[in-house]
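Q: Okay, here's the prediction I keep looking at, along with the sequence it came from:
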Amino acid sequence: MQPAFQQRTRVPRLWRVALGLVWALTLIASIALWHLRRDAMEGQARELGLLSLALTDEIDRGLQGAEEGLHALRVELRDGRLPETGAEAARALQTRAELMPLVRTLWLVGRDGRLLSASDTTPVPELQSFSPALDGLADDATAVSRPFVDTSAHESLVALAVRFNDAPGTTSGWMLAAMPASALLGAFSVASPEADARMAVFRNDGVRLAGSIVATPTLDEATLAQRLAVLQGMELRRFRDGSEHLVAVHALSHYGLKVVFARDLEAALHTWREAVWLTAVGIALMLVIMAVSVSFVQRADRRRNEAQRALQAQLSRASKLESLGTLAGGVAHDFNNILAAIVGFGEMAQDAAPRGSDQARHLDKVVQAALRGKSLVERILTFSRGGASTSTVFALEPVVEEVLSLLAASLRPGVVLECQLEARGARLRGDPTQAFEAVMNLCTNAMQAMPGGGMLSVQLERRHVAALRVLSHSQLAPGDYLALTVADQGAGITPEVMERLFEPFFTTRGDMAGTGLGLAVVHGVVAEFGGAIDVQSTPGHGARFTLYLPECTDAHGSATPMPQRAPSGAGQALLVVDDEPTLVALAEEMLKGLGYEPVGYSDPVAALQAFRAAPQRFAAVITDEVMPGLSGTQLTEALRQQAPQLPVLLISGYGGALLASRAAAAGVTRVLAKPLQRAELARALAELLR
């Protein structure tokens, strides 16, 4: 009886244990699912919050750019540099509208509502549609209109307005700038995490300016304005149809706007609901399924977070380098003007100095120092992608072999050079001199990283990239590339140095050697070729630099013959235009010495008028590019209307591929880089007038 009794009592106990185990597993699974749901919501909220902050900042920067443009126009109007009415005013507004990002149309509207001038024929929005009201608009405030439709382009527009007040007794009113309403959404369509995500921009009074979140008959603009007034940050809101949404709201107080982002909670928790359904399939498999699901989610989150961190770091570095490049290019442009005067007047002073005298010797050193400054500026412009460079099709492998042959003769003791070149016949389009300098700088930097010796490895191969890749310092688009890898066994690169690796004048060698421009030049050269850079390093284990350069399938370019000594001029009249009076005086004196008759102007508009008055007088035109009022390419376009065959020589201290294409489109005959030496100018003029 005992065994039977024990068996009968053991069965209920087993069931109780089983039920208890099921209950325990169910409870554990429920708790785990609850935590998973909370983590999923927090993750989605965090992702939506980061996206909304980034896009709101983008919208704010775009509006600030348009507002700054309007304030600049107000200053021009106040100073009398911008006419209020007439064809000249319309042309001026059209020119400025083309220079202002996002802005499509500019209007000047008088206090009485009368249109004074406009950049095009787009109708003026109703003045009553602006908020705050234009009549009470403060001088430092900006009003935003309701959306209105440009019937000619079938596009919804939004206008900004600022007040302008001229001198006493003259007109006052408002400056209006129209931009596409879709521009207020920024990069939302690209950066949107899911199809259910929504974004909209509202005025504080509830008027929707752009986006897919709209007011409904049960939620009019007044009610919406009341709700927007109390919404700020991230909230979970239940809509009238019973659905729940994650809502992020950010205010642009200066413009009286609210930027709203929303995600359907049901769609955001879709993965979590699938996990719940799978859990209900079998309690026995619940623990395994939950472990796999949690592991999968964690791995996916980890990969996504790593990718986001890498992308954010890359974007931060790229933005910093772009800003530094813009700053460096601007400084180099101004410095080039100074060097141009030093080189030009220095050469003329050399001619006047007695041969062999102390004065001649001192002037030689002045010109030599100016030319060294020119070389330094060229390297800075290479980093900022603003230097003038040639473009031809050439094979990369011979360039690398030439660098390695030069390095082999000057290797430090203990440094071993290893090369593996597997891209015979592969070609690039660009400047082979820049490619040589980039490879040489990389290899030199690698040798300097190994003062005690080590292996310097150089590898060149073809690589096909099938999908977009995020590298350490840039993004790599799909395509065929030549991958040049330079690796060393030095001390490696710390994270702090990695952040500033390609900054100009940044060096870790202190007073030992170098200007800190080597890697900056590499960055500029790679950007000029349209490539990308990847840097992999661990402190204490060396560094590996990989340059991805787009492979070119065009035929080899032909070499340009060396120019012969240029003859002097024969008294031809040349029109010289530069906004720097010193450089105009320099050019006039230099050209007189070369046998020409220069006519100089520091105002491009006055130069254009002089040419139109006597177009047959001038044999050629020499002009700067960056000038107020009328650039060199714009001046060329105006000259071409009256003299299609007139030779035009464009001189600029800040050029590059963009300037070359713009100059070619305008009809410029030839482009030269500042500062010019007299012999270079003489050869160029002889070729143009031949």
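A: That came through, no problem.
Q: all strands in the stretch 101-250 of the chain, in order from the N-terminus.
A: 105-110, 115-118, 143-144, 148-150, 155-165, 172-180, 198-203, 208-211, 233-238, 244-252 (DSSP state E, counting those that start in this stretch).
Q: packing partners for the second one?
A: It refers to strand 115-118. The contact analysis (3 or more CB pairs under 8 Å, 6 or more residues apart in numbering; DSSP states H and E) places strand 115-118 against helix 86-99, strand 105-110. In this view, the C-beta of every residue, glycine as well, is placed from N, C-alpha and C.
Q: Dump the last one to CSV, restricted to CA.
A: By that I understand strand 105-110. Provided in CSV are the C-alpha atoms of strand 105-110 (Å, rounded to 0.1, in the frame of the first residue of the first chain):
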residue,chain,number,x,y,z
THR,A,105,11.6,84.5,-54.0
LEU,A,106,12.3,87.9,-52.4
TRP,A,107,9.8,90.8,-52.2
LEU,A,108,10.0,94.4,-50.9
VAL,A,109,6.6,95.5,-49.7
GLY,A,110,5.8,99.0,-48.6
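Q: Residue ranges of each domain in this protein, please.
A: The chain breaks down by automatic domain parsing into domains covering 2-44+284-320, 45-281, 392-550, 573-689.
Q: buried stuff in the helix or strand encompassing L681?
A: Here L681 sits within helix 678-689, counting by DSSP states H and E. Buried residues in helix 678-689, counted by 16 or more other CB atoms under 10 Å: 678, 681-686, 688-689.
Q: can I get those in a markdown table with distance to V259?
A: Formatted as a markdown table, the buried residues of helix 678-689 follow (distance: CB to CB, whole Å):
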| residue | distance to V259 |
| --- | --- |
| R678 | 58 |
| L681 | 55 |
| A682 | 60 |
| R683 | 58 |
| A684 | 54 |
| L685 | 57 |
| A686 | 61 |
| L688 | 55 |
| L689 | 59 |
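Q: For R670, give me its contacts.
A: For R670, the residues meeting the contact criterion (CB atoms under 8 Å, 6 or more residues apart in numbering) are 647-650, 684, 687-688.
Q: Let me know the pLDDT of it.
A: For R670, the pLDDT comes out at 82.
Q: Make 45 the starting number, not 1.
A: Sure thing, new numbering starts at 45, so read that last one as R714.
Q: hey, what's it bridged with?
A: L693 (DSSP bridges).
Q: Please pull out the lowest mean pLDDT helix or strand from the chain.
A: When each helix and strand of the chain is scored by mean pLDDT, DSSP states H and E, helix 265-274 comes last, with a mean of 54.
Q: coming back round to it: output the helices and strands packed on strand 159-162 in TSV; the columns should cover mean neighbour count.
A: Below are those laid out as TSV (neighbours: other CB atoms under 10 Å):
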stretch	mean neighbour count
helix 130-143	16
strand 149-154	23
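Q: Out of those, flag the one nearest Y525.
A: Distance to Y525, taken as CB to CB, is lowest for helix 130-143 among these, at 35.3 Å.
Q: mind listing what's buried in stretch 106-117?
A: Result for stretch 106-117 [16+ other CB under 10 Å]: buried residues 106-107, 110-111, 113-115, 117.
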